[in-house]
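quick one: sequence and predicted model below, then my questions.
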Amino acid sequence: MAKEKSNLKLTDFLRAGKLISQSHFLVLIVFIFAVAVAGLVGTGGVGICQHNFHEKHSGSVVFTNEIRCNDMDVEVRSPDHLDALIACEGARDAMVFLGSHGLEVTGNIVIELLTELPAVVSSSAAGCYIESERRVLILVYSEFRKFETWFEIPIDRSLYRSLVSHEVAHLVADYNFKVSKPTIQAKEYIAYITQFSTMEPVLRERVLSQFPCGAFEDDPQMRSTIYMFDCMSFGVRAYRHFLKQTNGSDYLHKILTGKALVE
């Protein structure tokens, strides 16, 4: 996740539109949108990396711990044993939560904890799910702590565990989508509701208190541009939307079958 919410504000661009011609303003908006898409992994910090690549690990990265998580088909490769144990817990959280809502969670999962993410990923990112290779890549905790805050609160190991849950949710959802090309907002909705639902209650309340925004009211509000400009608020609003009595598990399955959050 990026160190803080993006400094990019839509109101800044709308204000700029008053100072230039309409045609030039439209060109500016298109350009800004393209830049935002190109930097999606960087501004979001966690999420999906849709590039096709096979990154070779640098010589400084040594997986001294390759552990199989108890009672799960999950393997964690990490230079730090404690980080690997926390990753197991985060993976279990995500799988138990999504499994309780009827998703298939028996697929093999490999989590790689790295001292640095591949070059294709922004330096402000803390984790990434590579769709083309079904790989979960996450920074080791010592590197994650260098961001200092996340969701506007100081970083600790509980937040780190939730980071793992977010990325593993992307992988589990990938196995369960019934549509060939789900939208970015569909993928992130599932990842964020998993992350918040599996947080310790006290931690979750601390995070939510930093974001007074209300729940999304309907699908049209959950646009990809909202996610790209303020991914953290998107996650909070998605979670509050999920909590509504009319949503929950039913809405989750609508997403997976392409009946919700489509373009």
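Great, that's in hand.

quick one: the strands in this structure, in order.
With strands called from DSSP state E, the chain shows them at 48-49, 65-68, 74-78, 109-114, 127-130, 135-139, 149-150, 153-154.

and those strands, which is most packed in?
strand 127-130 (a mean of 26; mean count of other CB atoms under 10 Å). In this view, the C-beta of every residue, glycine as well, is placed from N, C-alpha and C.

what mean pLDDT does that strand get?
Average pLDDT, strand 127-130: 96.

tell me the strands beside that strand, with direction?
Each strand paired with strand 127-130, and its direction, by DSSP bridges: strand 48-49 (parallel), strand 135-139 (antiparallel).

pull the CA atoms of that strand into PDB?
Written as PDB, here are the backbone C-alpha positions of strand 127-130 (Å, rounded to 0.1, in the frame of the first residue of the first chain):
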ATOM      1  CA  GLY A 127       2.400  -6.100  -2.300                       C
ATOM      2  CA  CYS A 128       1.200  -7.300  -5.700                       C
ATOM      3  CA  TYR A 129      -0.800 -10.200  -7.100                       C
ATOM      4  CA  ILE A 130       0.500 -11.200 -10.600                       C
END
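
run through this protein and note the low-pLDDT ranges.
1-62 (pLDDT under 70).

gap between the nearest residue to residue 144 once chain neighbours are set aside and residue 137?
The spatial neighbour of residue 144 that comes closest, neighbours along the chain excluded (CB to CB, 6 or more residues apart in numbering), is residue 126 at 5.3 Å. Applying CB to CB, to the nearest Å, the value for residue 126 to residue 137 is 10 Å.

kindly report the same for residue 187.
Here residue 187 is placed at a distance of 16 Å from residue 137 (CB to CB).

next one: residue 63
Noted for residue 63: a distance of 12 Å to residue 137, by CB to CB.

shared neighbours of those two, anything?
Common neighbours of residue 63 and residue 137, using CB atoms under 8 Å, 6 or more residues apart in numbering, are residue 112.

can you tell me how far the closest residue to residue 260 other than its chain neighbours is from residue 219?
The shortest distance from residue 260 to any non-neighbouring residue, by CB to CB, 6+ apart, is to residue 254 (3.8 Å). Going from residue 254 to residue 219 by CB to CB gives 9 Å.
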